[in-house]
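Undergrad: sequence plus predicted model, see below.
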Amino acid sequence: MFIGSYAGEDSNGKQNITIGTQAGRYNDGNNNVFIGLNSGRNSNGGSNIFLGSDSGRESFYLMQMVMCL
């Protein structure tokens, strides 16, 4: 599910929830929740929850992480 401008654009991940402008954009991970501007942008880990602007942005290989900013 993608809500927000460019949310999930060019994403190859599956079963992700993205809410916010560019949240989850360029994401390749699965089973993630991204909430906030640029949250999880350009990330590729799986089973993560990122809350807040730029949380988890440019993160790689994180598994089962909760990050709040």
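TA: Nice, I can see it.
Undergrad: how far off centre is stretch 12-19?
TA: 7 Å (CA atoms, centre = their mean, to the nearest Å).
Undergrad: neighbours of residue 5, just the number please.
TA: By other CB atoms under 10 Å, the residues close to residue 5 number 12. For glycine as for every other residue, the C-beta is placed from the backbone atoms N, C-alpha and C.
Undergrad: I meant to write residue 1 there.
TA: Neighbours of residue 1 using other CB under 10 Å come to 11.
Undergrad: surely residue 5 and residue 23 touch.
TA: No: under the contact definition of CB atoms under 8 Å, residue 5 does not touch residue 23, with a separation of 9.6 Å.
Undergrad: which helix or strand contains the residue nearest the centre of the chain?
TA: For the chain, residue 40 is the residue whose C-alpha lies nearest the centre (CA atoms, centre = their mean; 2.9 Å). According to DSSP states H and E, residue 40 maps onto no helix or strand at all.
Undergrad: separation between residue 22 and residue 4?
TA: Separation of residue 22 from residue 4 (CB to CB, to the nearest Å): 7 Å.
Undergrad: who has more neighbours, those two?
TA: residue 22 (23 against 20).
Undergrad: state the distance from that one to residue 8.
TA: Here residue 22 is placed at a distance of 9 Å from residue 8 (CB to CB).
Undergrad: which residues of the chain score low on pLDDT?
TA: 60-69 (pLDDT under 70).
Undergrad: quick one: the helices in it, in order.
TA: Read by DSSP state H, the chain holds no helices at all.
Undergrad: show me the contacts for residue 11.
TA: 18, 24-28 (CB atoms under 8 Å, 6 or more residues apart in numbering).
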